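Colleague: Take a look and give me a structure for this.
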Amino acid sequence: MDMNKLTLFVFLSIVMTSCQWTAKKLPDENRLLKEEIDKIDWTKVDSYPSVEQCDSLFDETERKKCFFEFITQNLQEELSLDTLIGRFEQLDTLKVLVTVQADSRIQLELYSFPDSLKTQTMTIDSLLKAKERNFPVVQPAIKRGLPVKSQFLVPLILNRQPH
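Modeller: Here you go, the predicted structure:
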């Protein structure tokens with residue numbers, strides 16, 4: 001009987017201590033999260049915003065090019081239709097900051113403008129705000145599977161006079 005007790009004692013001792021040998025210390029959740037967040041390059045997206053016409057393109061570079069051409073053409077048409085061309089003799093190009101929100105909303109605003117023309121910017125601002133309301137649906141940029149806000153500058157040509 002002593003041998004059985006001794007065997008049982010040795011067996012239980014091994015089992016109890018072996019659990020401690022294999023038990024691993026779990027890393028801290030907050031530390032893991034911080035490390036993962038630090039790895040992310042927040043200046044780049046996995047896929048650029050897109051519009052329906054560009055969705056069928058598989059090559060990311062071609063889709064990006066298609067999207068920027070679509071945005072530029074849409075804004076350029078708005079400026080042409082509203083006879084803005086020719087009003088700003090001093091400028092040949094406007095820079096518009098286009099913001100695509102994660103919920104697909106579009107915001108358009110002048111990016112840089114000479115101080116001497118500040119009073120005339122109200123006309124352009126009102127055109128851009130009107131265009132925001134009627135802008136075609138834009139799918140937001142994607143980062144790690146989630147829609148994210150993105151911003152970019154679009155140059156718009158005002159004066160197309162041959163040199």
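Colleague: Contacts for the helix or strand where Glu62 lies, please.
Modeller: Per DSSP states H and E, Glu62 falls inside helix 60-81. With C-beta atoms under 8 Å, 6 or more residues apart in numbering as the test, helix 60-81 has contacts from 47-51, 53-55, 57, 85, 94, 96, 98, 108, 127, 131, 135-136, 152, 154-158. (Each C-beta comes from the backbone N, C-alpha and C, glycine too.)
Colleague: Now the buried members of these.
Modeller: 48-51, 54, 85, 94, 96, 98, 108, 127, 131, 135, 154, 156, 158 (16 or more other C-beta atoms under 10 Å).
Colleague: quick one: least confident of these?
Modeller: On pLDDT alone, Ile85 ranks lowest of these, at 53.
Colleague: just to revisit the earlier point, in helices, which of the contacts of helix 60-81 appear?
Modeller: Leu127, Lys131 (DSSP state H).
Colleague: quick one: pLDDT of His163?
Modeller: His163 carries a pLDDT value of 45.
Colleague: quick one on the thing from earlier: for the helix holding Glu62, give the mean pLDDT please.
Modeller: Taken as a whole, helix 60-81 has a mean pLDDT of 86.
Colleague: Please point out which parts of that helix sit buried.
Modeller: Buried, per 16+ other C-beta under 10 Å, within helix 60-81: 63-64, 66-68, 70-72, 74-76, 78-79.
Colleague: Can you tell me which of those lies closest to Met3?
Modeller: Nearest to Met3 among the buried residues of helix 60-81, counting by C-beta to C-beta, is Arg63 at 76.7 Å.
Colleague: wait, doesn't Lys149 sit right on Val98?
Modeller: No. Counting by C-beta atoms under 8 Å, Lys149 does not reach Val98; the two are 11.3 Å apart.
Colleague: can you dump the C-alpha coordinates of the helix holding Glu62 into PDB?
Modeller: Extracted in PDB, the C-alpha atoms of helix 60-81 (Å, rounded to 0.1, in the frame of the first residue of the first chain):
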ATOM      1  CA  GLU A  60      -5.400  49.200 -58.200                       C
ATOM      2  CA  THR A  61      -3.300  51.700 -60.100                       C
ATOM      3  CA  GLU A  62      -5.800  51.800 -62.900                       C
ATOM      4  CA  ARG A  63      -8.700  52.200 -60.500                       C
ATOM      5  CA  LYS A  64      -7.000  55.000 -58.700                       C
ATOM      6  CA  LYS A  65      -6.300  56.800 -62.000                       C
ATOM      7  CA  CYS A  66      -9.900  56.300 -63.100                       C
ATOM      8  CA  PHE A  67     -11.200  57.700 -59.800                       C
ATOM      9  CA  PHE A  68      -9.000  60.800 -60.000                       C
ATOM     10  CA  GLU A  69     -10.000  61.400 -63.600                       C
ATOM     11  CA  PHE A  70     -13.700  61.100 -62.600                       C
ATOM     12  CA  ILE A  71     -13.400  63.600 -59.800                       C
ATOM     13  CA  THR A  72     -11.400  66.100 -61.900                       C
ATOM     14  CA  GLN A  73     -13.800  65.800 -64.800                       C
ATOM     15  CA  ASN A  74     -16.900  66.200 -62.600                       C
ATOM     16  CA  LEU A  75     -15.500  69.300 -60.900                       C
ATOM     17  CA  GLN A  76     -14.100  70.700 -64.200                       C
ATOM     18  CA  GLU A  77     -17.600  70.400 -65.800                       C
ATOM     19  CA  GLU A  78     -19.200  72.200 -62.900                       C
ATOM     20  CA  LEU A  79     -16.700  75.100 -63.300                       C
ATOM     21  CA  SER A  80     -17.300  75.200 -67.100                       C
ATOM     22  CA  LEU A  81     -21.100  75.100 -66.800                       C
END
